[in-house]
Structures are given as C-alpha cells and as structure tokens.
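Engineer: Generate a structure from the sequence data that follows.
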Amino acid sequence: MSDNKAGITVAAAWRDEMQRRRVAYAARRARWTQAWHRGDCPHLFRTAMRTIFVLFDSLIRNGQAMLPDEAILCATAWMHGVFGAQLTIGNTSFHKLFSVSRDPYNITHASGLRMLMETRGGWRLLTVPSAFEMGLSDCRWIYRLSEHTVTVSATVSGDEPAMQWRVSLEGPKCRFLVFGHLVLGEQEFGPQGRIEIDPKRKRFAFRPDLNDRWGKAFEGIITRIVLDDGSLITAQEIYHQD
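Structural biologist: Numbers count the residues shown, from 1 in each chain. Below you'll find the predicted structure:
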C-alpha cells in the first residue's frame, strides 16, 4: 500500500511539474513570437542560416503517458518543410504511415509530408521558413513571402492518436498541394498497403499490408486522413497545366 501511495505521489508531482513547464514554455514562446512580429529578432535567425548549417527538428507525440504504448501517435517535424515524417502509431519502426526524412540538406523532396504553394511564377515548394516554432505537442512554420504570409501548423491531440495540420494564409488567394511519401509498414517500397479515396467525404483510408508485421499484429486497423474544408486538386491537374 505504501508503494502505491508513493507511486501516486510521484505521478502527481510529475504532472504538476509538466504543467509548470508548459506554462513557462507558453510564456517564453509568446514573448519570442511578439518580438519576431515586431521585427526585433528575425535577423539573428537569418544570419545563423547564412553562416552555418542549422538543422532543427521536433518529436511530437500525443497523450500524457510516461512510457510508450500501442496507442501513442508520434511524428517528427523538420524545420526545412517536412511537416510530418515517420508518422507512427505504436511501434515507431514497424508502424510507419509516412517515411523517414534522411536528408538533412533537403536535396531530395520525397520523404515525409510536404507542401507546394501556387505563386505567380508557378508552384513553389515550402522549405526553410522565416520562423520555426517548436512546442511540446505542436510545431509552426511561418513563411513571409513577397505577397503572402503562410503559416503551417502541426498539432497532436492530447487525448487520442490524432494529428491535425492547418494552413492559414494572409494575402491573395492561392492553392496548396499537399503530398506525402507513404510507407504503411516497416520499410519504404516494401509493404503493399491499400489506399481508399472517398472524394465525397474528403477522406483517405490507409490499410497496412496483411503480410507485413503491422498488418499481422493489427488486422483491420485503418489510418484515416480527413479534410476539414477545401477542394481537392490532383497532381495530374498540375502537371498538365501550361
């Protein structure tokens, strides 16, 4: 009984400490964001990017458990425009939805979740942003362009294995194309996962290969990507434009 009480005390203290850190981090993040919008500190970021190679990434996950389990969603967000790499639920090696980003120089653009933006000069890949914010359960990319300010946010749920991406735009209307490198298993180009597209409900359903470890261990599991709003544009439409 004493061990249980001690465990409860430790868990309560850990939750209180995590809450204190969240509040402190939110305050620091708010001060930095306000300073950035005032123009007080962007030159430091630009100078560092010009003089040295800076690589930032953030590991974000859902839930509040101290140890991993089969229901934890985890993803890696990279500053250079990878909005979700190695997105997994449960085992981070065997249960991949999106591929791992292995190119720190951003030469190849095929890994993880990426985004194109339509501009006057054509389609532009969103890569290194003007500012990159990392939180405990979210990340934000801010792009200050000549005619637009684009903000991309990636947030994981605190209660369920779910992740949300949101794009906000300041400036003239334009289109975005989101694309990703699917794995649906352990290794790229290995498992033969199944993809179902429902245009009416704006929903994608992904099922792992039944012969892969993920499909064998969790038969019938489905990963869904749902669009809250907006119309779909296919890559075929883009590539056939003049």
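Engineer: which SSE is the most centrally placed residue in the chain in?
Structural biologist: Centroid-nearest residue in the chain, with C-alpha atoms, centre = their mean: residue 84, separated by 3.2 Å. With elements taken from DSSP states H and E, the one containing residue 84 is strand 82-89.
Engineer: contacts for that strand?
Structural biologist: 70-78, 92, 95-101, 111-115, 141, 152, 154, 161, 163, 165, 180, 223 (C-beta atoms under 8 Å, 6 or more residues apart in numbering). Using the backbone N, CA and C atoms, a C-beta is placed for each residue, glycine as well.
Engineer: how close does the residue nearest to the centre of the chain sit to residue 56?
Structural biologist: 15 Å (C-beta to C-beta, to the nearest Å).
Engineer: pLDDT weak spots in this structure?
Structural biologist: Applying pLDDT under 70 to the chain picks out residues 1-14, 18, 25, 29, 32-55, 65, 68, 219-222, 228-242.
Engineer: about what we covered before: the residue nearest to the centre of the chain: what's its closest spatial neighbour, skipping adjacent residues?
Structural biologist: residue 113 (3.9 Å; C-beta to C-beta, 6 or more residues apart in numbering).
Engineer: For that neighbour, give me its contacts.
Structural biologist: Contacts of residue 113 (C-beta under 8 Å, 6+ apart): 82, 83, 84, 85, 87, 98, 165, 178, 179, 180.
Engineer: Let's see that with 6 Å instead.
Structural biologist: Neighbouring residues of residue 113 by C-beta atoms under 6 Å, 6 or more residues apart in numbering: 83, 84, 98, 180.
Engineer: okay if I get these as TSV plus distance to residue 169?
Structural biologist: What follows is these, written out as TSV (distance: C-beta to C-beta, whole Å):
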residue	distance to residue 169
83	15
84	20
98	24
180	21
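Engineer: Now, of those residues, which are buried?
Structural biologist: Buried by 16 or more other C-beta atoms under 10 Å: 83, 84, 98, 180, out of those.
Engineer: So which bits of the strand holding residue 84 are buried?
Structural biologist: 82, 83, 84, 85, 86, 87, 88, 89.
Engineer: want to throw these into CSV with distance to residue 122?
Structural biologist: Below are the buried residues of strand 82-89 laid out as CSV (distance: C-beta to C-beta, whole Å):
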residue, distance to residue 122
82, 21
83, 21
84, 25
85, 25
86, 30
87, 29
88, 34
89, 36
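Engineer: What's opposite residue 151 in the beta bridge?
Structural biologist: Counting by DSSP bridges, residue 151 forms beta bridges with residue 142, residue 168.
Engineer: Hmm, it is touching residue 141, no?
Structural biologist: No: taking contacts as C-beta atoms under 6 Å, residue 151 lies outside contact range of residue 141: 7.1 Å.
Engineer: Run a quick neighbour tally on the closest residue to residue 78 other than its chain neighbours.
Structural biologist: Nearest residue to residue 78, sequence neighbours excluded (C-beta to C-beta, 6+ apart): residue 57, at 4.6 Å. Using other C-beta atoms under 10 Å, residue 57 has 17 other residues around it.
Engineer: got it, and residue 133?
Structural biologist: 18.
Engineer: In three-state terms, label the closest residue to residue 205 other than its chain neighbours for me.
Structural biologist: Distance criterion C-beta to C-beta, 6+ apart; nearest residue to residue 205, sequence neighbours excluded, is residue 196 at 4.2 Å. Under DSSP: H, G, I helix; E, B strand; the rest coil, residue 196 falls in the strand class.
Engineer: Equivalent analysis for the one 4 residues further on, please.
Structural biologist: The three-state label for residue 200, taken from three-state DSSP, comes out as coil.
Engineer: And it, how close does it get to residue 227?
Structural biologist: Distance from residue 200 to residue 227, by C-beta to C-beta: 11 Å.
Engineer: Buried subset of the contacts of strand 82-89, written for PyMOL?
Structural biologist: Under the burial definition 16+ other C-beta under 10 Å, those of these that qualify are selected in PyMOL by:
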select buried, resi 72+73+74+75+76+77+78+92+95+96+97+98+99+100+101+111+112+113+114+115+141+152+154+161+163+180+223
